[in-house]
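K.L.:
model the structure of this input:
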Amino acid sequence: MTKVSHGLWLGDAPLLLASKSAARQGLLAAAGIPFEALASGIDERDIEAPLLAKGAIADTIAAHLARAKAEAVAKRHKGRLVLGADQTLEFAGRLLAKPATQVEARAQLLSFSRRSHNLHSALCLMRDETVLFAAVDFARLTCRPFTADFVDRYMAIAGDAVLATVGAYQIEGLGIQLFDKIEGDYATIMGLPLLPLLAYLRREGLLVS
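P.N.:
Numbers count the residues shown, from 1 in each chain. As a prediction, this is how the structure comes out:
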């Protein structure tokens, strides 16, 4: 199939993103990568549970989830280039999930005060049944000291957005108010190790270099 130029993109079709994450879509769009976003349909908790039972660490779980998402979409779209991505949050030696309720979100946020946590972001690029490229990166975020009054005010402004992400914050918005120090790549914090992905795509002739 003849490759068609789309700005810097040289692929023969848009990338398939196995995620409906607005953050990941925003990163790809800003980088000039044409894509179509599709829900993977996997149950992340079902995949996590046996891994946790075996003592798998945060980056391993993120990598498994990214691959599972890519596989699910690649099976439905033969011959297409599919990108799966996922992120885990490691805090005090355990993984945190997205809070299910405002009460859980408040408890998570209060526990973060004066403490650090790690975000592990993974990607898996597949075509059909073949893994073409995979990468994992992490960032370390340290929260400033904050009061219960601050958390209550923050949650009142953020509303249900605190339930949309693990950690109950969105760093590109009001969530930046939580932090004293951030170590790591912005795209990794947003849930996609973008620089390794772009480097791979250039090596493979899918991006203008």
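K.L.:
which intervals of this structure have sub-threshold pLDDT?
P.N.:
Along the chain, segments meeting pLDDT under 70 span 1-6.
K.L.:
scan it for its longest helix.
P.N.:
helix 58-76 (DSSP state H).
K.L.:
which strands or helices does that one pack on?
P.N.:
If contacts are counted by 3 or more C-beta pairs under 8 Å, 6 or more residues apart in numbering; DSSP states H and E, helix 58-76 sits against helix 44-53, strand 81-91, strand 116-127, strand 130-143. C-beta here means a position set from N, CA and C on the backbone, and glycine is covered the same way.
K.L.:
most packed of the ones you listed?
P.N.:
With neighbours taken as mean count of other C-beta atoms under 10 Å, the helices and strands packed on helix 58-76 reach their highest mean count in strand 81-91, at a mean of 25.
K.L.:
which residues touch the longest helix of the chain?
P.N.:
16, 18-19, 38, 40-42, 44, 47-48, 51-52, 56, 80, 82-90, 95, 118, 120-129, 131, 134, 136, 138 (C-beta atoms under 8 Å, 6 or more residues apart in numbering).
K.L.:
buried residues in it, which are they?
P.N.:
Within helix 58-76, the residues that qualify as buried are 58-74, counting by 16 or more other C-beta atoms under 10 Å.
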